[in-house]
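Engineer: Fold the following, please.
(2 chains)
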Amino acid sequence: DTGVSQDPRHKITKRGQNVTFRCDPISEHNRLYWYRQTLGQGPEFLTYFQNEAQLEKSRLLSDRFSAERPKGSFSTLEIQRTEQGDSAMYLCASSEAFSGWIFGPGTRLTVT
Amino acid sequence: GNSVTQMEGPVTLSEEAFLTINCTYTATGYPSLFWYVQYPGEGLQLLLKATKADDKGSNKGFEATYRKETTSFHLEKGSVQVSDSAVYFCALMGNNNDMRFGAGTRLTVKP
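Structural biologist: Residues are numbered from 1 along each chain as shown, chains lettered A, B, ... in the order given. As a prediction, the model looks like this:
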């Protein structure tokens, strides 16, 4: 296991289109997190899964955003009807208990 | 709620200079504290952590001590290298497993 992977690394889309990102966590980690990072800012929490259950969602996660983690393994984050304000780096992290999180390389989204 | 305040950057140092990046926190309970580093074009990497008061986290020459009395977790390195140029994030994880990050401090080390 080489760590947390995310796909794609970069995505350019036109406003109004839907996009989906994938995160593959470290296999033995049962917790998975999605964060959003804009330029010059620290990561902002979006949502959190423990196994397949989505336990917490930030108010930042509008109804255009949805995340899933079927079978408690990989996770997807979908953004519908993208807006220019959605342009950011989307980070995924996984952890086991309170051991500190391992982040993936991120998916950079640009909405034109 | 829990929050982290970091020293604003950018910070520019010459090679072999001493580094301090200040971090203070506000939290209920007994949080764990972390420093993450983000190199250009890469994701966040855990640099060091401390889980209770007076613990010192250390890695790659960097150190930070969990000071409950001053609610601080300042990052220090005695002699920085050009390869240390990156953005450094202080982070806090509270009892509810919610990780909060500071805004980040960009460090540039010049040869």
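Engineer: Now the residue in chain A positioned nearest to chain B: closest residue in space, sequence neighbours ignored.
Structural biologist: Among the residues of chain A, residue A:42 lies closest to chain B, at 3.4 Å counting by Cβ to the nearest Cβ. From N, CA and C alone the C-beta is placed, and that goes for glycine too. Nearest residue to residue A:42, sequence neighbours excluded (Cβ to Cβ, 6 or more residues apart in numbering or on different chains): residue B:101, at 3.4 Å.
Engineer: May I have the beta-bridge partners of residue 67?
Structural biologist: Going with chain A. residue A:77 (DSSP bridges).
Engineer: wait, I meant chain B there
Structural biologist: Residue B:67 has these beta-bridge partners by DSSP bridges: residue B:72.
Engineer: do residue A:19 as well
Structural biologist: Going by DSSP bridges, residue A:19 forms beta bridges with residue A:79.
Engineer: Just list the residues touching it, thanks.
Structural biologist: Residue A:19 makes contact with A:11, A:13, A:78-79, A:82, A:109 under the criterion Cβ atoms under 8 Å, 6 or more residues apart in numbering or on different chains.
Engineer: Try it again at 7 Å.
Structural biologist: A:11, A:13, A:79, A:82, A:109 (Cβ atoms under 7 Å, 6 or more residues apart in numbering or on different chains).
Engineer: Let's have the residues you listed in CSV, adding secondary structure.
Structural biologist: Shown next, in CSV, are the contacts of residue A:19 (DSSP: H, G, I helix; E, B strand; the rest coil):
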residue, secondary structure
A:11, strand
A:13, strand
A:79, strand
A:82, coil
A:109, strand
